[in-house]
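# sequence and predicted structure are below.
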Amino acid sequence: MASPFADLGIIAPIEKALKSLDISTPTDIQKKAIPTLLTTKKDVVGLAKTGSGKTIAFGLPLLQLIDKTNPTIQAVILVPTRELGQQIHVNLESFATQIPEIKITTICGGTPIKPQIKALTEPTQIVVATPGRLIDLIKREAINIKHTNFLVLDEADEMVKSLGEGLDKIVKELPNYRRTILFSATMPGPIKQLIQNYMSKDPIQIEAHMETIGHQGITHEYVVVEPIEKLNVLMHFLTNRLGERGIIFCKTKAAVNKLAKNLAINKFSSGSLHGSLSQPIRDRIMGQFREGHIDILVATDVAARGLDVKEISYVVNYHLPDAYETYVHRSGRTARAGLKGYALTVLQQEEAFEIAEFEEELGIKFQSYEKATSETLEENNTLLWAKKVFKTKPNRELSNDLKEKVHTVFHHLTKEELIDKLMAFEQLR
């Protein structure tokens, strides 16, 4: 009996690799895209939410259509970030374990260029690249994409913000006979223009559950706060989610740094991620989050691209995104692999009216999150204070004489009496 992927036209070596990865059931976008890419020669536009399996949707047909005997670059996959590029590279190599003749190279910014130039001197059929680094290599004449059969634009709605005229420089190097494959979670105006400029006149359009794009299995809630209570409301929410993994999105790098610092002060298991961090630091933070060593990632939108962690329980929009498609990408970090998800948006009063606009545009329904009372927030802050005290390391540099004098002050108190006095003192501050 043929497997679901074999029914789509996937060959046995790739099917065997999928089986070893416990991938047996195609997603909606995969069911529609794989046979289309395998059986037609037209350009393809795929609309599917973040986390719907787009890499398999375009990756398997590419691996199957590549000429293994031809050592030249036959496919270029453009991605918005290095992290996403690395993720796609790892995934493609795992799908191609039974086809060792196919070589895949990643050329992305944020890492030294010389090793990438050296890698390109070896036979390579598929290149995964960020636009800036690819343009740099083209200028250096270190890469030849003049015989490329396939150009894939992945996460195009995110990438188009930084592409500018860069795509012109790349496309000029590509042959006219290439096929262009574009995948996006949304279809804003710039993407429509990109399709008109760089794709054939009537590309095949594939949509996967676009009526509920990016929101299946996700509970969406919002809470309206005063600026002074915003951090306390967030920390109360996080206290109730201890042990779960989540991402908190901020608009700017400065906001990420400020929030991450406050969470660290209050002993939340967290890390920050934004574009100004060095690549080794970004890699370390991403690794800690993937491996479960930290529970909370505070990030900007672009920095979180390519983060493929299935067990993300919640997403918090600490700042309302500027664009509807950004909300789709943020909320799409949760509810992956068929799991349920949760997205909380923290608003100030003057932003509250925008919820109705997001509902209408995205076809979703927001529920009101019940904000904790001022008494409950104060109780939570006291609990956080107690945890900070508990996790504070003793100062070994204090003199024994001073410590003895302090011990003398408290020696007649029971533990319960000392805790009561500490709590009363903290509440007086």
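Sure thing, it's come through.
# okay, Val223 and Val90: tell me how far apart.
37 Å (Cβ to Cβ, to the nearest Å). Any C-beta I mention is one placed from the backbone N, CA and C, and that applies to glycine too.
# then Thr345 would be within a strand, right?
Yes - the assignment for Thr345, made by DSSP: H, G, I helix; E, B strand; the rest coil, places it in a strand.
# contacts only, for it.
Going by Cβ atoms under 8 Å, 6 or more residues apart in numbering, Thr345 touches 220-223, 316-317, 320, 355, 366.
# look up the residues forming beta bridges with it.
With DSSP bridges as the criterion, Thr345 is bridged to Tyr222, Asn317.
# quick check, Ser72 in contact with Ile145.
Residue 72: Thr, not Ser. No - using Cβ atoms under 8 Å, Thr72 makes no contact with Ile145, being 9.0 Å away.
# looking at these two, which is more packed in?
Higher neighbour count among Thr72 and Ile145: Ile145, with 22 against 14, using other Cβ atoms under 10 Å.
# check which helix or strand covers the more buried one.
Per DSSP states H and E, Ile145 falls between elements, in no helix or strand.
# thought it was touching Gln74?
No - applying Cβ under 8 Å, one finds Ile145 not in contact with Gln74, separated by 9.4 Å.
# show me where the stretch 301-429 of the chain has its helices.
Applying DSSP state H, counting those that start in this stretch to the stretch 301-429 of the chain gives helices spanning 324-331, 354-362, 374-391, 400-410, 415-428.
# buried ones in the third one, by neighbour count?
When burial is assessed from 16 or more other Cβ atoms under 10 Å, helix 374-391 yields the following buried residues: 377, 380-381, 384-385.
# who's in contact with it?
229, 232-233, 235-236, 239, 265-267, 372, 422-423, 426-427.
# buried subset of those?
Here, 16+ other Cβ under 10 Å leaves 232-233, 235-236, 239, 266, 372 buried among the contacts of helix 374-391.
# pick out the most distant pair among these.
Asn266 and Ala372 (15.6 Å; Cβ to Cβ).
# look at Val223 and Val90 and report which has more neighbours.
Set Val223 next to Val90 and count neighbours by other Cβ under 10 Å: Val223 wins out with 19 against 15.
# ok, the more buried one - contacts?
Val223 is in contact with 233, 344-347, 368-369, 371, counting by Cβ under 8 Å, 6+ apart.
# what is the nearest of the residues you listed to Glu359?
Nearest member of these to Glu359, counting by Cβ to Cβ, is Thr345, at 11.4 Å.
# number of residues surrounding the nearest residue to Ser20 once chain neighbours are set aside?
With Cβ to Cβ, 6 or more residues apart in numbering as the criterion, Ser20 has its nearest non-adjacent residue at 7.3 Å, and that residue is Thr97. When neighbours are counted by other Cβ under 10 Å, Thr97 registers 13.
# secondary structure class for Thr97?
Secondary structure state of Thr97, per three-state DSSP, is coil.
# quick check on it: phi, psi?
Main-chain dihedrals, Thr97, degrees, to the nearest 10: phi -60, psi -30.
# can you show me the CA trace of stretch 91-100 as CSV?
Taking C-alpha atoms only, stretch 91-100 is exported to CSV below (Å, rounded to 0.1, in the frame of the first residue of the first chain):
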residue,chain,number,x,y,z
ASN,A,91,15.7,20.0,7.0
LEU,A,92,16.7,19.5,3.4
GLU,A,93,19.7,17.4,4.4
SER,A,94,17.5,15.2,6.6
PHE,A,95,15.1,14.7,3.7
ALA,A,96,18.0,13.8,1.3
THR,A,97,19.8,11.3,3.5
GLN,A,98,19.1,8.6,0.9
ILE,A,99,20.3,10.8,-2.0
PRO,A,100,23.9,11.6,-0.9
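# buried sites along it?
91-92, 95-96.
# following the helix or strand harbouring Leu238, which helix or strand comes up?
In the assignment (DSSP H and E), Leu238 maps to helix 230-239. Counting by DSSP H and E, the next helix or strand C-terminal to helix 230-239 is strand 245-249.
# now for that following strand, which elements pack on it?
strand 296-299, strand 312-317 (3 or more Cβ pairs under 8 Å, 6 or more residues apart in numbering; DSSP states H and E).
# chain center to that strand, what's the gap?
Put simply, strand 245-249 sits 10 Å off its chain's centre (Cα atoms, centre = their mean, to the nearest Å).
# Val225: what's its closest spatial neighbour, skipping adjacent residues?
Nearest residue to Val225 in three dimensions, chain neighbours excluded: Val233, at 5.0 Å (Cβ to Cβ, 6+ apart).
# my guess is the one you found contacts Thr373, does it?
No - counting by Cβ under 8 Å, Val233 sits too far from Thr373 to count as a contact (10.9 Å).
# run a quick neighbour tally on Asn317.
22.
# and the one 3 residues further on, by the same measure?
The burial metric for Leu320, expressed as a neighbour count using other Cβ under 10 Å, is 19.
# now Leu137
By the measure other Cβ under 10 Å, the count of residues near Leu137 is 20.
# same deal with Glu122?
9.
# how about the one 4 residues further on?
A count of nearby residues for Ile126, using other Cβ under 10 Å, gives 26.
# what's the first-to-last distance across stretch 5-15?
Stretch 5-15 has an end-to-end distance of 7 Å (Cα to Cα, to the nearest Å).
# and that stretch, what's buried?
Buried residues in stretch 5-15 (16+ other Cβ under 10 Å): 5, 8, 10, 13-15.
# and if you look at stretch 20-28?
Of the residues in stretch 20-28, those buried (16+ other Cβ under 10 Å) are 23, 26-28.
# also stretch 340-355?
Of all the residues in stretch 340-355, those buried under the rule 16+ other Cβ under 10 Å are 341-347, 355.
# looking at those residues, which is nearest Lys169?
For these, the nearest to Lys169 is Ala343 (37.3 Å; Cβ to Cβ).
# quick one, what contacts the closest one?
Ala343 touches 218-221, 314-317, 330-331, 334, counting by Cβ under 8 Å, 6+ apart.
# make JSON lines from these and add distance to Leu418 and pLDDT to it.
Shown next, in JSON lines, are the contacts of Ala343 (distance: Cβ to Cβ, whole Å; pLDDT from 0 to 100):
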{"residue": "Ile218", "distance to Leu418": "46", "pLDDT": "87"}
{"residue": "Thr219", "distance to Leu418": "43", "pLDDT": "90"}
{"residue": "His220", "distance to Leu418": "45", "pLDDT": "93"}
{"residue": "Glu221", "distance to Leu418": "40", "pLDDT": "94"}
{"residue": "Tyr314", "distance to Leu418": "37", "pLDDT": "93"}
{"residue": "Val315", "distance to Leu418": "41", "pLDDT": "93"}
{"residue": "Val316", "distance to Leu418": "36", "pLDDT": "95"}
{"residue": "Asn317", "distance to Leu418": "41", "pLDDT": "95"}
{"residue": "Arg330", "distance to Leu418": "45", "pLDDT": "84"}
{"residue": "Ser331", "distance to Leu418": "46", "pLDDT": "85"}
{"residue": "Thr334", "distance to Leu418": "42", "pLDDT": "82"}
